[in-house]
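In: I would like to see how this sequence folds:
(one chain, ligands or ions: 1)
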Amino acid sequence: MILTGPEIAAQVKGGAIQIAPYDEQRLQPNSYDFHLGERIGWYTDEVLDCARENPFEVHTIPSEGMVLEPDRIYLASTRERIGSDYYVPIIRARSSIARLGLFVHCTADLIDIGSYGQLTLQLHAVQGVRIYPGLLIGQVTFWVPLGDIVLYDGKYQGSDGPQPSLVHRDLEAR
Ligand SMILES: O=c1ccn([C@H]2C[C@H](O)[C@@H](COP(=O)(O)OP(=O)(O)OP(=O)(O)O)O2)c(=O)[nH]1
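Out: Model (predicted):
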(Lines give C-alpha, C1' and ligand atoms only; values in the text may rest on other atoms or scores of the structure.)
Protein backbone atom coordinates (compact mmCIF):
# COMPACT_ATOMS: atom_id res chain seq x y z
CA MET A 1 0.00 0.00 0.00
CA ILE A 2 1.21 3.46 -0.87
CA LEU A 3 0.55 6.45 1.39
CA THR A 4 -1.61 9.24 0.01
CA GLY A 5 -0.49 12.87 0.28
CA PRO A 6 -2.75 13.56 3.27
CA GLU A 7 -1.44 10.41 5.00
CA ILE A 8 2.19 11.47 4.34
CA ALA A 9 1.31 14.80 5.98
CA ALA A 10 -0.24 13.02 8.99
CA GLN A 11 2.80 10.74 9.41
CA VAL A 12 5.22 13.68 9.16
CA LYS A 13 3.18 15.46 11.82
CA GLY A 14 3.17 12.35 14.03
CA GLY A 15 6.91 11.82 13.60
CA ALA A 16 6.80 8.48 11.75
CA ILE A 17 8.20 10.10 8.59
CA GLN A 18 11.03 12.61 8.56
CA ILE A 19 11.23 15.14 5.73
CA ALA A 20 13.32 18.19 6.58
CA PRO A 21 12.88 20.89 5.49
CA TYR A 22 9.19 20.10 5.04
CA ASP A 23 6.65 22.18 3.12
CA GLU A 24 3.01 21.11 2.84
CA GLN A 25 2.89 22.76 -0.60
CA ARG A 26 5.11 19.95 -1.89
CA LEU A 27 2.56 17.22 -1.11
CA GLN A 28 1.16 15.43 -4.15
CA PRO A 29 -1.80 13.00 -4.34
CA ASN A 30 0.45 10.06 -3.41
CA SER A 31 3.99 11.45 -3.08
CA TYR A 32 6.07 14.38 -1.87
CA ASP A 33 8.20 16.44 -4.27
CA PHE A 34 11.83 16.98 -3.26
CA HIS A 35 14.42 19.54 -4.35
CA LEU A 36 17.83 19.10 -5.90
CA GLY A 37 20.50 20.14 -3.39
CA GLU A 38 23.30 22.61 -4.02
CA ARG A 39 26.16 20.14 -4.60
CA ILE A 40 27.02 17.84 -7.49
CA GLY A 41 29.91 15.45 -7.96
CA TRP A 42 31.45 13.21 -10.58
CA TYR A 43 34.18 10.62 -10.90
CA THR A 44 37.30 11.84 -12.64
CA ASP A 45 38.47 8.48 -14.03
CA GLU A 46 37.02 7.30 -17.32
CA VAL A 47 36.80 3.69 -16.16
CA LEU A 48 35.37 3.01 -12.73
CA ASP A 49 36.53 0.17 -10.49
CA CYS A 50 34.27 -1.71 -8.05
CA ALA A 51 37.29 -2.90 -6.06
CA ARG A 52 38.62 0.49 -5.01
CA GLU A 53 37.65 4.03 -4.13
CA ASN A 54 37.18 6.02 -7.34
CA PRO A 55 38.50 9.60 -7.39
CA PHE A 56 35.50 11.88 -7.02
CA GLU A 57 35.13 15.65 -6.93
CA VAL A 58 32.28 17.73 -5.63
CA HIS A 59 31.22 21.16 -6.92
CA THR A 60 28.51 23.67 -6.13
CA ILE A 61 25.81 23.94 -8.78
CA PRO A 62 25.96 27.61 -9.89
CA SER A 63 22.78 29.65 -9.53
CA GLU A 64 22.82 30.18 -13.32
CA GLY A 65 22.73 26.39 -13.66
CA MET A 66 25.02 23.82 -15.23
CA VAL A 67 24.62 21.55 -18.22
CA LEU A 68 24.67 17.80 -17.64
CA GLU A 69 26.32 15.96 -20.50
CA PRO A 70 25.05 12.61 -21.74
CA ASP A 71 27.06 9.42 -21.13
CA ARG A 72 28.15 10.47 -17.65
CA ILE A 73 26.94 9.74 -14.19
CA TYR A 74 26.62 12.70 -11.84
CA LEU A 75 25.91 12.33 -8.15
CA ALA A 76 23.79 14.99 -6.52
CA SER A 77 21.49 14.85 -3.53
CA THR A 78 18.12 15.84 -2.24
CA ARG A 79 18.05 19.08 -0.30
CA GLU A 80 15.73 17.33 2.16
CA ARG A 81 16.74 14.82 4.80
CA ILE A 82 14.34 11.94 4.38
CA GLY A 83 13.70 8.75 6.33
CA SER A 84 11.27 6.58 8.24
CA ASP A 85 11.38 3.74 10.74
CA TYR A 86 7.88 2.67 9.64
CA TYR A 87 7.49 3.09 5.88
CA VAL A 88 9.60 2.21 2.82
CA PRO A 89 10.55 5.30 0.80
CA ILE A 90 10.93 4.86 -2.95
CA ILE A 91 12.17 7.71 -5.14
CA ARG A 92 11.57 8.57 -8.75
CA ALA A 93 11.69 11.58 -11.07
CA ARG A 94 8.85 14.02 -11.41
CA SER A 95 7.19 13.44 -14.74
CA SER A 96 8.14 16.96 -15.88
CA ILE A 97 11.81 16.08 -15.34
CA ALA A 98 11.49 12.66 -17.01
CA ARG A 99 9.98 14.41 -20.03
CA LEU A 100 13.36 16.12 -20.50
CA GLY A 101 15.12 12.74 -20.50
CA LEU A 102 16.70 13.28 -17.10
CA PHE A 103 17.00 10.25 -14.83
CA VAL A 104 17.28 10.95 -11.09
CA HIS A 105 18.49 7.50 -10.15
CA CYS A 106 20.39 4.83 -11.95
CA THR A 107 18.38 1.70 -11.04
CA ALA A 108 18.57 2.35 -7.26
CA ASP A 109 15.22 3.74 -6.18
CA LEU A 110 14.74 1.81 -2.95
CA ILE A 111 15.44 3.43 0.41
CA ASP A 112 15.79 1.22 3.48
CA ILE A 113 13.53 1.55 6.50
CA GLY A 114 15.60 3.32 9.15
CA SER A 115 17.83 5.10 6.64
CA TYR A 116 18.05 8.88 7.22
CA GLY A 117 19.86 11.66 5.44
CA GLN A 118 20.03 13.51 2.16
CA LEU A 119 19.48 10.94 -0.56
CA THR A 120 22.14 10.61 -3.23
CA LEU A 121 20.68 11.05 -6.71
CA GLN A 122 22.43 9.38 -9.64
CA LEU A 123 21.72 11.91 -12.39
CA HIS A 124 21.88 10.73 -15.98
CA ALA A 125 20.89 12.84 -18.98
CA VAL A 126 19.68 11.42 -22.30
CA GLN A 127 20.74 14.67 -23.97
CA GLY A 128 22.37 17.84 -22.62
CA VAL A 129 20.13 19.45 -20.03
CA ARG A 130 20.67 22.45 -17.75
CA ILE A 131 19.86 21.96 -14.09
CA TYR A 132 19.62 24.45 -11.24
CA PRO A 133 20.07 24.19 -7.47
CA GLY A 134 16.74 23.89 -5.74
CA LEU A 135 15.03 22.44 -8.82
CA LEU A 136 11.97 20.38 -7.86
CA ILE A 137 13.45 17.29 -9.40
CA GLY A 138 11.89 14.18 -7.91
CA GLN A 139 9.29 12.68 -5.65
CA VAL A 140 9.41 10.30 -2.75
CA THR A 141 6.67 7.79 -2.11
CA PHE A 142 6.10 5.84 1.12
CA TRP A 143 5.02 2.21 1.19
CA VAL A 144 3.59 0.08 4.00
CA PRO A 145 5.91 -2.87 4.72
CA LEU A 146 4.78 -6.41 5.50
CA GLY A 147 6.78 -8.36 8.11
CA ASP A 148 9.21 -7.64 10.92
CA ILE A 149 11.07 -4.36 10.57
CA VAL A 150 14.88 -4.39 10.66
CA LEU A 151 16.29 -0.87 10.63
CA TYR A 152 19.02 0.13 8.18
CA ASP A 153 22.51 0.20 9.62
CA GLY A 154 24.55 0.55 6.43
CA LYS A 155 27.39 2.55 5.01
CA TYR A 156 25.34 5.46 3.68
CA GLN A 157 23.53 6.25 6.93
CA GLY A 158 23.30 9.97 7.69
CA SER A 159 24.46 11.07 4.22
CA ASP A 160 25.09 14.76 3.73
CA GLY A 161 25.31 15.75 0.06
CA PRO A 162 26.29 13.40 -2.77
CA GLN A 163 28.07 10.26 -1.57
CA PRO A 164 30.19 8.25 -4.02
CA SER A 165 29.96 4.47 -4.16
CA LEU A 166 31.50 2.53 -1.28
CA VAL A 167 31.05 -0.83 -3.00
CA HIS A 168 34.79 -1.57 -2.59
CA ARG A 169 34.11 -1.99 1.14
CA ASP A 170 31.90 -5.00 0.35
CA LEU A 171 34.79 -6.62 -1.53
CA GLU A 172 37.22 -5.82 1.30
CA ALA A 173 34.81 -7.45 3.79
CA ARG A 174 34.57 -10.75 1.82
O1 LIG B 1 19.14 6.21 -4.97
C2 LIG B 1 19.44 5.98 -3.80
C3 LIG B 1 19.26 4.71 -3.21
C4 LIG B 1 19.64 4.53 -1.89
N5 LIG B 1 20.17 5.56 -1.18
C6 LIG B 1 20.56 5.40 0.23
C7 LIG B 1 19.37 5.04 1.12
C8 LIG B 1 19.50 3.56 1.27
O9 LIG B 1 18.91 3.11 2.46
C10 LIG B 1 21.01 3.39 1.27
C11 LIG B 1 21.49 2.01 0.95
O12 LIG B 1 20.90 1.63 -0.24
P13 LIG B 1 21.11 0.13 -0.76
O14 LIG B 1 20.81 -0.84 0.33
O15 LIG B 1 20.38 0.01 -2.06
O16 LIG B 1 22.69 0.19 -1.08
P17 LIG B 1 23.85 -0.81 -0.73
O18 LIG B 1 24.91 -0.58 -1.73
O19 LIG B 1 23.32 -2.21 -0.56
O20 LIG B 1 24.34 -0.23 0.66
P21 LIG B 1 24.37 -0.94 2.11
O22 LIG B 1 25.40 -2.02 2.02
O23 LIG B 1 24.69 0.16 3.05
O24 LIG B 1 22.97 -1.51 2.30
O25 LIG B 1 21.47 4.32 0.31
C26 LIG B 1 20.35 6.80 -1.75
O27 LIG B 1 20.82 7.75 -1.12
N28 LIG B 1 19.99 6.97 -3.04
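In: so what secondary structure elements neighbour the helix or strand containing residue 79?
Out: Element membership for residue 79, per DSSP states H and E: strand 74-84. If contacts are counted by 3 or more C-beta pairs under 8 Å, 6 or more residues apart in numbering; DSSP states H and E, strand 74-84 sits against strand 17-20, strand 31-43, strand 117-125, strand 136-143. Bear in mind the C-beta positions are built from the backbone N, C-alpha and C, glycine included.
In: how about the ones you listed, which one is nearest the ligand?
Out: Nearest to the ligand, of all those, is strand 117-125, at 3.9 Å by C-beta to the nearest ligand atom.
In: Give me the pLDDT for residue 173.
Out: Note on residue 173: pLDDT of 71.
In: quick one: low-confidence parts of the chain?
Out: Along the chain, segments meeting pLDDT under 70 span 174.
In: Residue of it closest to the ligand, please.
Out: Here the chain gets closest to the ligand at one residue, residue 154, 2.3 Å apart by C-beta to the nearest ligand atom.
In: so that residue sits right up against residue 113, yeah?
Out: No: in this structure, residue 154 is not within contact of residue 113 by C-beta atoms under 8 Å, at 11.5 Å.
In: between these two, which one's more packed in?
Out: Taking other C-beta atoms under 10 Å, residue 154 and residue 113 do not tie; residue 113 has more neighbours (17 against 9).
In: any idea whether that one is helix, strand or coil?
Out: At residue 113 the chain is in coil, as set by DSSP: H, G, I helix; E, B strand; the rest coil.
In: my read: it touches residue 145, true?
Out: Yes: assessed by C-beta under 8 Å, residue 113 is found in contact with residue 145 at 6.4 Å.
In: and for the two, which residues touch both?
Out: Counting by C-beta atoms under 8 Å, 6 or more residues apart in numbering, the contacts common to residue 113 and residue 145 are 86, 87, 88.
In: okay if I get these as JSON lines plus secondary structure?
Out: Shown next, in JSON lines, are those (three-state DSSP):
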{"residue": "86", "secondary structure": "coil"}
{"residue": "87", "secondary structure": "coil"}
{"residue": "88", "secondary structure": "strand"}
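In: one step back: name all residues that make contact with the residue of the chain closest to the ligand.
Out: 112, 115.
In: swap the cut-off to 6 Å and go again
Out: By C-beta atoms under 6 Å, 6 or more residues apart in numbering, the contact list for residue 154 is empty.
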